[in-house]
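Student: make a model of this:
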Amino acid sequence: MKRWLRFNPGMLVLLVAILAGGLVYLLEPLPLQILRNAVFDQYQRWHPRAYQAVPVRIIDIDDESLQQLGQWPWPRTRIAELVGKLQAAGALAIAFDVIFAEEDRTSPKAMMTIWNLPADTRERLTQIPDHDEVLAQALRNGRVVLGFAAEREGPENSLQARPFRFVNSGESPLPFLHGFSRVLPSIPLLASAAAGNGALSFVPDADGVVRRVPVVVRLNNEIIPTLTAESLRVAQGARNYIVKTAAEKGTGLQEVRIGAITVPTTPSGEFWVHYTQPVSERYVPAWKVLTGKVPAEQIEGHILLIGTSANGLMDLRFSPMGRIIPGVEAHAQALEQMLLGKYLQRPAWATAIEALVIVLGGLLLGILTLTSGALISAAITAAAIAATGWGAWSAFANHGLLLDPVTPALVLLATFIVTSIVRHVSSERRQRWVREAFSRYVSPNLVAHLVDNPGQLELGGRRQECSFIFTDLQGFTSLMEKTDPAKAVSLLNAYLDRMIAIAFAHGGTLDRIVGDAVAIMFSAPVTQPDHRARALGCALEMDAFAMQYTTELKSKGIPFGLTRIGIHTGEVIVGNFGGTTIFDYRALGDPVNTAARLESVNKHLGTRICVSEATLSGCPDAVVRPVGRLVLVGKTQSIMVYEPIIPAVGEKPQRDVTYEAAFDLLRQHGPQACNMFESLAKERPQDPLVLLHLQRLRAGEEGDTLVMAEK
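Tutor: As a prediction, the model looks like this:
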């Protein structure tokens, strides 16, 4: 195992893959954040927070309220009337998700600048209370929080009305908070009259979804509360916020204490909102409050958020539940959780757990993939990813914890894919090496066939018509006796290497090597319709090489014998023979023996190549001359045998017409056959077939049948 870990290159790839996954996890690129948030959103859809009746209501400036009471903005006197009715009904706190950034344009003073009025009328108008003064007076009557917008761009400014105070516990929280450079508050008259002022700005994710609500934010170099936090502070009659950072420096906020309520936060001072399904009782239409049609129990002792759900006012947000909600509802749902003390939390140790899954899980899975079968490693990978997802879902559903299953699952999957590729490449390399090495013992076409058809690695055979070549080297035994054995073996190896290479080039299968003899088979294991022509072409190229090789060695004073070749075609049984211990792929049948006999009879005929008529039947372009009908040793039936005509180098083979005419007379027992062969012998004193048939005729033999007495 240690040796494998040290030398297996897959381990290096595995470590790089895990490091890359860890780096991606730390950098948190936007696509990864979107995927993770999408999973968290899905968790909320599967398991939304169950709505519980807590003293939080939305006083909704909805479309119906606008239809009954007029378009927005309403006069400040109507807003003051709304506040007064809510205060009279016993509201615990009233918070506006609305900014009164400008003076009321419907006030008498504002109208006097527009209308051309007589002096006495203008004097009477000055006696009418200013609308903003009316609202300011209503605000002073009790526990009203105004909202202001926090902006990131523009010239810096500060918040003037600060009815709150912050106490820090631990290092300064400012570097960790969401930062803004300026605020757009309500007009000073109203802001100073309110019991609280809170930021309305959300910090949505890149996809625009409001998943977290800040408790506190940073305005330049000061901490300011959000509308949600201020509503809770004013409702309790508290003055201070206690902001506590984590004990470990540089890790951000841990919690914010508001009166008697402690809110655990993310390091940047926000918390995750666990949304409910739409709940109608959360909303109270504003027109019903103004017309006195709201039961007192819906207002008394409640924190009331005044906002709008009217489509035309465009205060709409995307929620994780996959729907659009009014911005004021996000504040309301956050307040509900703060009062219930139930939070979605992503604890500090979540990063450690996820990193452990990435590193340890990736390492174990990678080693398993590199050392185990594909199905096992794939199954375990799927199980590991499923376990990661199930664990994260279980933590959410049972404990309200937000654990990231996306990054660990992606890293595990990527690790499996990368190590599988490495294993596949390594396996291919080993298979290629084995195939190449095995091809030195077995024919490459046989190796390729068995690799493509592993099911044929079984005992047994099938009938198949094949062509066979048998070669033998004359006089090699005497060469071994006269030459240094090492040198003789070297010469033989060079000879056999080229002979076998020629056979492979023609698609032949090496049947066996016996000493200096070679047996080649065609049309097995892969069927070759032109196996006869392949065999003849292969034999002719072998003969050309053997003659050249012998000539080269003789020029160096090394006697190297002639090569004899026999070629025959017939039906045989081809397959695996032997036993369960070892296979031997070969052909069995009389045609095999016949091809071997044809090689052997060359020494009696004086020829180098003998090819049977059965082979020539598939070689229409072959140029040959007849040898005769041979009755081989141990046979009773004759076969017609031919000798290919070997032309001089650079020339095309030509039919031996004169020899064919003489042979026809011999075949027909013609009386002139002997005379014609006598004439041919004088012209060709070195032609072995002419001399053979002449000797037969002189001995009184007739016809073209030759009975071989020896193998």
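
Student: for T550, give me its contacts.
Tutor: Listed by Cβ atoms under 8 Å, 6 or more residues apart in numbering, the contact set of T550 reads 560-563. In short, each C-beta sits where N, CA and C put it, glycine included.

Student: recalculate using a threshold of 10 Å.
Tutor: 473-474, 495, 558-563 (Cβ atoms under 10 Å, 6 or more residues apart in numbering).

Student: how about the strands in the stretch 101-250 of the chain?
Tutor: 144-151, 165-169, 179-180, 182-184, 196-199, 212-214, 216-219, 222-225, 240-245 (DSSP state E, counting those that start in this stretch).

Student: ok, the longest one: who's next to it in the sheet?
Tutor: Yep, that's strand 144-151 we're talking about. In its sheet, strand 144-151 lies beside strand 93-96 (parallel), strand 182-184 (antiparallel), strand 196-199 (parallel), with partners assigned from DSSP bridges.

Student: quick one, which of those is packed in tightest?
Tutor: strand 93-96 (a mean of 29; mean count of other Cβ atoms under 10 Å).

Student: distance between it and the chain's centre?
Tutor: Distance of strand 93-96 from its chain centroid, counting by Cα atoms, centre = their mean, to the nearest Å, is 53 Å.

Student: and if you look at stretch 585-598?
Tutor: 53 Å.

Student: so which of the contacts of T550 wins on neighbours?
Tutor: T563 (27 neighbours; other Cβ atoms under 10 Å).

Student: mind checking how far L370 is from L15?
Tutor: 12 Å (Cβ to Cβ, to the nearest Å).

Student: my bad, should have said D656
Tutor: In terms of Cβ to Cβ, D656 sits 75 Å off from L15.

Student: tell me which of these two has more neighbours.
Tutor: Each of D656 and L15 has its neighbours counted (other Cβ under 10 Å); D656 has more, 21 against 13.

Student: excluding its backbone neighbours, what's nearest that one?
Tutor: R625 (4.7 Å; Cβ to Cβ, 6 or more residues apart in numbering).

Student: CA atoms of the helix or strand hosting that neighbour as PDB?
Tutor: According to DSSP states H and E, R625 maps onto strand 624-631. Taking Å, rounded to 0.1, in the frame of the first residue of the first chain, the C-alpha atoms of strand 624-631 are listed here in PDB:
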ATOM      1  CA  VAL A 624       1.800 -20.100 -62.000                       C
ATOM      2  CA  ARG A 625       2.800 -23.300 -63.800                       C
ATOM      3  CA  PRO A 626       1.500 -26.800 -63.000                       C
ATOM      4  CA  VAL A 627       3.600 -29.200 -61.000                       C
ATOM      5  CA  GLY A 628       1.300 -32.200 -61.200                       C
ATOM      6  CA  ARG A 629      -1.200 -34.200 -59.200                       C
ATOM      7  CA  LEU A 630       0.600 -35.200 -56.100                       C
ATOM      8  CA  VAL A 631      -0.400 -38.100 -54.000                       C
END
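
Student: buried residues, that strand. List them.
Tutor: 624, 626-631 (16 or more other Cβ atoms under 10 Å).

Student: adding pLDDT, write these out as a markdown table.
Tutor: Below are those laid out as a markdown table (pLDDT from 0 to 100):
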| residue | pLDDT |
| --- | --- |
| V624 | 96 |
| P626 | 96 |
| V627 | 95 |
| G628 | 94 |
| R629 | 95 |
| L630 | 94 |
| V631 | 93 |
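
Student: where is the longest strand in the chain?
Tutor: strand 563-578 (DSSP state E).

Student: list the buried residues in that one.
Tutor: In strand 563-578, counting by 16+ other Cβ under 10 Å, buried: 563-570, 572, 574-576.

Student: same question, stretch 505-513
Tutor: Applying 16+ other Cβ under 10 Å to stretch 505-513 flags 506-511 as buried.

Student: once you drop chain neighbours, what's closest to L680?
Tutor: V690 (4.6 Å).

Student: sorry, that was for F577
Tutor: Nearest to F577 is D584, by Cβ to Cβ, 6+ apart, at 5.3 Å.

Student: ok, now V39?
Tutor: Nearest one to V39, counting by Cβ to Cβ, 6+ apart, is V406 at 5.5 Å.

Student: wait, doesn't the one you found sit right on L35?
Tutor: Yes: with contact defined as Cβ atoms under 10 Å, V406 reaches L35; the gap is 4.8 Å.

Student: give me the more crowded residue out of those two.
Tutor: V406 (21 against 17).

Student: who touches that one in this structure?
Tutor: Contacts of V406 (Cβ under 10 Å, 6+ apart): 25, 32-40, 354, 388-389, 392.

Student: include secondary structure when you put the residues you listed into a markdown table, please.
Tutor: Compiled in a markdown table, the contacts of V406 are given as follows (DSSP: H, G, I helix; E, B strand; the rest coil):
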| residue | secondary structure |
| --- | --- |
| Y25 | helix |
| L32 | helix |
| Q33 | helix |
| I34 | helix |
| L35 | helix |
| R36 | helix |
| N37 | helix |
| A38 | helix |
| V39 | helix |
| F40 | helix |
| E354 | helix |
| T388 | helix |
| G389 | helix |
| A392 | helix |
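
Student: put the alpha carbons of the longest strand of the chain into PDB.
Tutor: The C-alpha coordinates for strand 563-578 follow below in PDB (Å, rounded to 0.1, in the frame of the first residue of the first chain):
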ATOM      1  CA  THR A 563      13.300 -21.300 -47.500                       C
ATOM      2  CA  ARG A 564      10.600 -23.800 -48.700                       C
ATOM      3  CA  ILE A 565       6.900 -22.800 -48.600                       C
ATOM      4  CA  GLY A 566       3.700 -24.800 -48.900                       C
ATOM      5  CA  ILE A 567       0.200 -23.200 -49.300                       C
ATOM      6  CA  HIS A 568      -3.100 -25.000 -49.100                       C
ATOM      7  CA  THR A 569      -6.800 -24.100 -48.400                       C
ATOM      8  CA  GLY A 570      -9.500 -26.200 -46.800                       C
ATOM      9  CA  GLU A 571     -12.200 -26.500 -44.100                       C
ATOM     10  CA  VAL A 572     -10.800 -27.000 -40.600                       C
ATOM     11  CA  ILE A 573     -11.900 -26.700 -36.900                       C
ATOM     12  CA  VAL A 574     -10.600 -23.400 -35.500                       C
ATOM     13  CA  GLY A 575     -10.700 -22.500 -31.800                       C
ATOM     14  CA  ASN A 576      -9.300 -22.900 -28.300                       C
ATOM     15  CA  PHE A 577      -7.900 -26.300 -27.500                       C
ATOM     16  CA  GLY A 578      -6.200 -27.600 -24.400                       C
END
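
Student: flag every buried residue along whichever helix or strand comes after it.
Tutor: Note on strand 563-578: by DSSP H and E, the next helix or strand toward the C-terminus is strand 583-588. Buried residues in strand 583-588, counted by 16+ other Cβ under 10 Å: 585-587.

Student: and stretch 368-382, by the same measure?
Tutor: 368-370, 377, 380-381.

Student: longest helix in the protein, please.
Tutor: Ranked by residue count, the top helix of the chain under DSSP state H comes out as helix 406-439.

Student: from the chain's centre, how far out does that one sit?
Tutor: Distance, centroid of helix 406-439 to centroid of chain: 13 Å (Cα atoms, centre = their mean).

Student: let me know the average pLDDT across it.
Tutor: On average, the pLDDT along helix 406-439 is 76.

Student: beta partners for Y585?
Tutor: N576.

Student: look up the pLDDT of it for me, please.
Tutor: 74.
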